[in-house]
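J.: What shape does this take:
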Amino acid sequence: MKLVSRLIVKFWLGWLILWFIAFIIAITIAPKFSEVVTPGEFDFLPLNAESLQAERFFRQSFDKDLLRSLAIVSVRRTSRPEGLTSSDEFSEQDRGRLSDYDFIENILRIRLEQILIDNASSESESNNEPEGNNTEESKDVPEPVIGTVTTYTDRLLGQLLVSNDKQASMVLVELPNDFLDIRNVEIISDIEDLVYNDREFRRQIPPGLELSISGTATVGRDLNVEAVNSAKATESITILLVVIMLIGIYRAPLLALLPLITVFFVINIVMGLLATLAYYNVIGLFESLDIYVTVVTYGAGIDYCLFLIARYREELEQGTNYADALENALNCTASPLVGSAGTSIIGIGMMIFTEHKKFQQAGIGISVGLFLALIATLTLTPALLRICGRWAFWPNMPLEKPGDQPGWIARSSPLSRLLESGILDRIWNVLAAVISRSPGRLWRNFVLAMAPFAVIAIISYNDLSYGLLSELPDDSRSVIGTRALKEHFPAGTLGPTNVLLHNEELNFFQSDQVDLIREVSDQLYSEREQLGLIDIFSSAYPLGMTPQGLEKQASLDSNASGSGAFAAARRAATRARIMKQYVGKKQPLAEHVTRIDLVFEQDPFTSGSIEQLENTLEELKIILPEKLPGETEIYALGPTASIRDMKLVTDRDQIRVNILVLIGVYLVLVLILKKPAISMYLILTVFFSYLVTMGVTMTVFWALDPENFAGLDWKVRMFLFTILIAIGEDYNIFLVSRIDEERKSTSPVRSVLRALTKTGSIISSCGFIMAGTFCSLMAGTLLGMQQLGFALAFGVLLDTFIVRPILVPCYLVMLERHYFGRYSGLMGATSLPKNANRESTSTTITSTEES
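T.: Predicted structure coming up:
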């Protein structure tokens, strides 16, 4: 390592040039990160997910485009008990007045259809625009699918779009893209501008009529917008917090900028590298990945630089010249830095073994960021320190040998005077003395105080929120619109679940087969209260099974009654519409597939709807063999089915990652520290810290909103575990590495206490900076991001000020004093039992004197 350190310091200019070239390439040649990300949410599920299989089966069976997302414009009038106005109600003198229903059909519908046509045209022009001479490839780009607008005038679905109280009507804008697809953003924004900002359109709205927008596509648009805003806020807050903390620590502006310059180079190169790999389809990228990579790389990269610079200053204060001090600092910190980064990279990298592609991509992206941050700390930061020389410490620049010039560190700030007074050093010495006197009691008290939160985490471990509306702020368009819609329609209307039944022995076009579906629907509907069902739609009940739906169906049938040719044609047309909606058409499946739509009580994006869907599918598995001959395959698709698959996949991923991360980090610790038993204890402390953090986070966010708290966001558990376990061991590695270094000149117990006092300030500073970067996640408006930011920040502070300075030293002191009797040796003790009591007494006296 000495040779490597010498070469790095000797050829510092070459390293600087290499990093500068890589930076220029990243910001000029590499594609933009935003241009190569994959939009959507459920497309990141594995290909064998049941909901994706159901979507493929739907496309093979029906010629209708799969409804991937839905925008709803709700029109309501609550100022009159009769609800929406129609032209039939107006008197002769008001015949020229525009009714609510006429407004919906003649104005709103036309404007919405025009928006869809304009956006399809823009997308088509964008797809067909040739890049260079690549005209042949542009011909293969499929034409964009134009969505459809459905209003109350639709002969089959129209009656379902008017509420029972007649005060509201839904206008459905069906879109073929996933609800989080970035292509929906422009469409929803245009609809939003029309409804809320278009003055000409607003003048045409009948007085007293309220319009709002909601639906899955609107929710997805709001999530995308808030994610972008959160990313911008996070990056800005991260840089601001880091600058403030670094200047507060160093009291030298240029020295504070060096870690920032290092990480700034790393972040841009990482984003350019990831974007290039994604451009050539080597890896995939999801939209919010840059937030996670930026925050973790900033925190870890700054920490690595802090440890190097701290050791550099320590060497300078001993009187070493700048070049030798830098070489010595690199030689002493390289191994701990490599071990620390290696632990984080391997731990977080274990996410590549997950099924959910977002976690896979996060594992790759964050690991690449940490790796480059490590390389930059060992090469770019020394080059920057070398080129700055003594100017790095401006305005108080030392001599060529700083150790010969006392008081060369700036003392102008309150923090500087605090450090000069030695108060912080005395605090760490006092803590060392307390640990020396009663390590067992101190360890027990802190563990007992933390244990209740770990118990809360274990009990509530699977209480996760898969809701999307719950992530958004209350003033979001989709939240406001959904709240208005729920006053008139069931919550499940926002996203019904489609169940496909496939039976090769049946022809669902035939009337007797429709009667079989009627029996199945009747059986399900009879158990609606237990299953949480509001309504069921099928070929037997195209307008639903509620009393209102049956009444509408009877009205529709009566209008088509009669014996004339016109009545017969009308009945045939209605039946054709029903069959097209509920029976397959594409061969060879076609008539062997039918569809049943389920509307549940709960919002389709809540965990409660998942349980209702599972219970209903289990009930179907019991009913179908009794009602239908042969074997019937069941497929479920829709928002609830997709969220159900996401829950199943992430639950499996969590178990897999928990095992792999713990084993991987443990093996790295053993490789670095060469202490298997102590490495096991370090793993257990960080895992315990993770459980405590989970419990505290659950408690805090429940206390903030007891009525609406449904659990932590589903992403929090995975990211918190991998990041906290992997990065949480960094500080333990630095502490134990320093203990081994001190043990060369003193006894085992005293080496623990001395390492604690010497590393206390720098590790605490690193912990503050890491926690500060994670706090920046709370600057956004997405609840899941706020929960993750709080959890990571709290977890890092817990590791920094409880686990590393108390639980780990207390255990090591107890171990060296043979508190565990004959098992102490097996647990990692290095001192002999006969010297334990003598060392205990001398260490206590020494620690007290030092304090």
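J.: Quickly note the distance from the nearest residue to residue 812 once chain neighbours are set aside to residue 765.
T.: Once flanking residues are discounted, residue 812 sits nearest to residue 752: 4.8 Å by CB to CB, 6 or more residues apart in numbering. The way it works is simple: take the backbone N, C-alpha and C, and place the C-beta from them, glycine included. Residue 752 sits at a distance of 21 Å from residue 765 (criterion: CB to CB, to the nearest Å).
J.: So which of those two has more stuff around it?
T.: Between residue 752 and residue 765, counted using other CB atoms under 10 Å, the more crowded position is residue 752 (29 against 21).
J.: Over to the more buried one: give its phi and psi.
T.: In terms of degrees, to the nearest 10, the main-chain angles of residue 752 are phi -60, psi -50.
J.: contacting residues for it?
T.: 739, 809, 812, 813, 816 (CB atoms under 8 Å, 6 or more residues apart in numbering).
J.: same question, residue 263
T.: Residue 263 touches 297, 298, 301, 302, 305, 373, 376, counting by CB under 8 Å, 6+ apart.
J.: Mind checking which of these land in helices?
T.: 297, 298, 301, 302, 305, 373, 376 (DSSP state H).
J.: what's the following helix or strand after the helix or strand harbouring residue 685?
T.: Per DSSP states H and E: residue 685 is located in helix 676-704. Next helix or strand after helix 676-704 toward the C-terminus (DSSP H and E): strand 712-713.
J.: Packing partners of that next one?
T.: strand 464-465, helix 676-704, helix 783-798 (3 or more CB pairs under 8 Å, 6 or more residues apart in numbering; DSSP states H and E).
J.: Which of the ones you listed has the highest mean neighbour count?
T.: helix 783-798 (a mean of 24; mean count of other CB atoms under 10 Å).
J.: angle of it against helix 676-704?
T.: Relative orientation of helix 783-798 and helix 676-704, computed by axes from the mean of the first three to the mean of the last three CA atoms, to 10 degrees: 130 degrees.
J.: Can you tell me which of the contacts of residue 752 is closest to residue 724?
T.: Comparing these against residue 724 with CB to CB places residue 809 closest, at 20.3 Å.
J.: For that closest one, the count of nearby residues, please.
T.: Residue 809 has 24 nearby residues by other CB under 10 Å.
J.: Next: residue 89.
T.: Around residue 89 there are 13 residues (other CB under 10 Å).
J.: what about it, distance to residue 80?
T.: 10 Å.
J.: now swap in residue 481 and tell me
T.: The value you get for residue 481 to residue 80, if CB to CB is used, is 21 Å.
J.: more neighbours, these two?
T.: residue 481 (25 against 11).
J.: Which residue ranges of the protein form strands?
T.: 69-76, 148-150, 168-175, 210-214, 464-465, 497-502, 533-537, 593-600, 633-637, 712-713 (DSSP state E).
J.: want to try TSV for these, with distance to residue 259 and mean pLDDT as columns?
T.: Listed next are these as TSV, based on distance: least, CB to CB, whole Å; pLDDT from 0 to 100:
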stretch	distance to residue 259	mean pLDDT
strand 69-76	44	89
strand 148-150	55	88
strand 168-175	46	90
strand 210-214	46	93
strand 464-465	36	84
strand 497-502	51	93
strand 533-537	57	90
strand 593-600	52	92
strand 633-637	49	93
strand 712-713	31	88
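J.: quick one, which of those strands is nearest to residue 693?
T.: strand 712-713 (10.9 Å).
J.: What strands flank that closest one, and is each parallel or antiparallel?
T.: Strand pairing for strand 712-713, determined by DSSP bridges: strand 464-465 (parallel).
J.: tell me the domain boundaries of the protein?
T.: Per automatic domain parsing, the domain ranges recorded for the chain read 1-30+252-401, 67-125+142-214, 441-476+653-851, 477-644.
J.: who wins for proximity to residue 238 among these?
T.: Distance to residue 238, taken as CB to CB, is lowest for domain 441-476+653-851 among these, at 4.2 Å.
J.: what sits against residue 698?
T.: 456, 457, 460, 463, 711, 712.
J.: residues near the third one, how many?
T.: The criterion is other CB under 10 Å. On that basis, residue 460 has 16 neighbouring residues.
J.: With adjacent residues omitted, what lies nearest to the residue most central in space within the chain?
T.: When CA atoms, centre = their mean is applied to the chain, the residue found nearest the centroid is residue 715 (4.6 Å). Distances taken as CB to CB, 6+ apart put residue 784 closest to residue 715, at 5.8 Å, once the chain neighbours are dropped.
J.: now residue 167
T.: Residue 167 sits nearest to residue 83 (CB to CB, 6+ apart), 3.8 Å away.
J.: Now for the residue nearest to residue 274 when sequence neighbours are not counted: which residues touch it?
T.: Closest residue to residue 274 apart from its sequence neighbours, by CB to CB, 6+ apart: residue 365 at 5.6 Å. Residues near residue 365 by CB under 8 Å, 6+ apart: 270, 274, 285, 289, 292, 293.
J.: Out of these, name the ones that lie in helices.
T.: 270, 274, 289, 292, 293.
J.: Tell me who's in contact with the last one.
T.: Spelled out, that is residue 293. 267, 270, 271, 274, 365, 366, 368, 369.
J.: pLDDT score assigned to it?
T.: According to the prediction, residue 293 has pLDDT 92.
J.: now do the first one
T.: Here, the pLDDT recorded for residue 270 equals 95.
J.: show me the contacts for it.
T.: 293, 297, 365, 368, 369, 372.
J.: Would you mind giving the ones in helices among the contacts of residue 263 as a markdown table with neighbour count added?
T.: Output for those, formatted as a markdown table (neighbours: other CB atoms under 10 Å):
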| residue | neighbour count |
| --- | --- |
| 297 | 25 |
| 298 | 30 |
| 301 | 29 |
| 302 | 25 |
| 305 | 27 |
| 373 | 31 |
| 376 | 27 |
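J.: what bits of the protein have low per-residue confidence?
T.: Within the chain, the segments meeting pLDDT under 70 span 1, 40, 64-68, 91-96, 123-146, 248-252, 395-425, 559-564, 831-851.
J.: ok, residue 35 touching residue 275?
T.: Yes. At 7.5 Å, residue 35 counts as touching residue 275 under the criterion of CB atoms under 8 Å.
J.: between those two, who's got more neighbours?
T.: Legend: neighbour count by other CB under 10 Å for residue 35 and residue 275, higher for residue 275 (21 against 9).
J.: In helices, which of the contacts of residue 752 fall?
T.: Short answer: those in helices (DSSP H) are 739, 809, 812, 813, 816.
J.: Next, count neighbours for the first one.
T.: Here the number of neighbours of residue 739 (other CB under 10 Å) works out to 22.
J.: can you give me phi and psi for residue 320?
T.: Torsion angles, degrees, to the nearest 10, at residue 320: phi -80, psi 150.
J.: How many residues are close by it?
T.: 19.
J.: Do I have it right that it meets residue 328?
T.: Yes. Judged on CB under 8 Å, residue 320 makes contact with residue 328 at a distance of 6.4 Å.
J.: circling back to that earlier point, please tabulate the helices and strands packed on strand 712-713 in CSV, including the columns distance to residue 171.
T.: Formatted as CSV, the helices and strands packed on strand 712-713 follow (distance: least, CB to CB, whole Å):
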stretch, distance to residue 171
strand 464-465, 30
helix 676-704, 36
helix 783-798, 29
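J.: Cool, thanks, talk later.
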